[in-house]
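Chemist: Just to be clear, the model below is a prediction. Sequence and coordinates:
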Amino acid sequence: GESVEITLDPGSGANQQYIEDCQVCCRPWVVSVSYDEDGTAHVFVDASDDHDDHDD
């Protein structure tokens with residue numbers, strides 16, 4: 001797989017979740033970020049299958 005860059009914003013809270021499009025395939029991801037008390041970021045990315053082929 002290819003590497004991609006995700007910009008983090010610690011000023012937006014200790015726990016964050018948002019949708020971002022993949023820079024390679026343009027499909028949406030769910031990005032979850034949490035910060036430890038010492039400021040260490042933990043980033044989890046998952047495919048956003050819930051947004052495929054739906055016209056809500």
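Modeler: Noted; the coordinates are in hand.

Chemist: Can you tell me the centre-most residue of this protein?
Modeler: Taking C-alpha atoms, centre = their mean, the centroid of the chain lies closest to Val31, which sits 1.6 Å from it.

Chemist: Does the helix or strand where that one lies pack against any helices or strands, and if so which?
Modeler: Applying DSSP states H and E as the criterion places Val31 in strand 28-35. Contacts defined by 3 or more C-beta pairs under 8 Å, 6 or more residues apart in numbering; DSSP states H and E place strand 28-35 against strand 15-21, strand 41-47. Bear in mind the C-beta positions are built from the backbone N, C-alpha and C, glycine included.

Chemist: And these: which comes nearest Ile6?
Modeler: Nearest of the helices and strands packed on strand 28-35 to Ile6, taken as C-beta to C-beta: strand 41-47 at 6.3 Å.

Chemist: From the contact counts, what lies against that closest one?
Modeler: strand 28-35.

Chemist: one step back: any chance of the helices and strands packed on strand 28-35 in TSV, with mean neighbour count and mean pLDDT too?
Modeler: Supplementary listing: the helices and strands packed on strand 28-35 in TSV, determined by neighbours: other C-beta atoms under 10 Å; pLDDT from 0 to 100:
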stretch	mean neighbour count	mean pLDDT
strand 15-21	12	96
strand 41-47	11	95
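
Chemist: Could you dump these into TSV with distance to Val4 added?
Modeler: Output for the helices and strands packed on strand 28-35, formatted as TSV (distance: least, C-beta to C-beta, whole Å):
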stretch	distance to Val4
strand 15-21	9
strand 41-47	9
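
Chemist: Would you check that Val30 makes contact with Asp21?
Modeler: No: contact status for Val30 versus Asp21: not in contact, 11.5 Å apart, counting by C-beta atoms under 8 Å.
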